[in-house]
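**Student:** Okay, structure incoming, though there's no sequence with it:
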């Protein structure tokens, strides 16, 4: 992942996240840190997928984490400019109820939120486990799809 492939900005109404390229577990780790840092009334979160060509299940699990947290806080999450393929991926995992799908522009004004890439194997395994558990929490039909992934990543954590 290039450092410009995941851009997070604080805007007057909340946050905007721009995703470029293939969103995978590497994108998931800084996005997970961002989501974990959200507190209180953080406003609208917009995820711009205009330049996102594909997403893996770990990344979508972190999106689910954001969607689940935002539902509890009554803070809306918009998926902006998602192509038919990416919408199909989210729909296939039962995540569409967590988001509003809209078209629009990524705001050019705002304060960049720094993101850090992590190469730590434990953090990677923790992210994979948490992401896939979020997918199951969002839609129980995902349990069978991701049981082995969760089990395998948990084994990595046990060493």
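**Tutor:** Structure received. Predicted, not measured: the structure shown is a model, and the values here were computed from it. Numbering: from 1, shown residues only.

**Student:** Next up, the contacts around the nearest residue to residue 154 once chain neighbours are set aside.
**Tutor:** Nearest residue to residue 154, sequence neighbours excluded (C-beta to C-beta, 6 or more residues apart in numbering): residue 129, at 5.7 Å. No exception for glycine: its C-beta is placed from N, CA and C like everyone else's. For residue 129, the contact set (C-beta atoms under 8 Å, 6 or more residues apart in numbering) comprises 150, 153, 154, 157.

**Student:** which secondary structure element contains residue 129?
**Tutor:** Secondary-structure element containing residue 129, defined by DSSP states H and E: helix 121-138.

**Student:** what do you get for residue 29?
**Tutor:** With DSSP H and E as criterion, residue 29 is part of helix 25-37.

**Student:** how distant is the least confident helix or strand in the chain by mean pLDDT from the center of its chain?
**Tutor:** For the chain, the helix or strand with the lowest mean confidence is strand 111-113, at a mean of 81 (criterion: mean pLDDT, DSSP states H and E). The offset between the C-alpha centroid of strand 111-113 and the centroid of the whole chain comes to 17 Å, using C-alpha atoms, centre = their mean, to the nearest Å.

**Student:** 22 is where my numbering starts, stick with that
**Tutor:** Fine by me, first position is 22 from now on; the one you just mentioned is strand 132-134.
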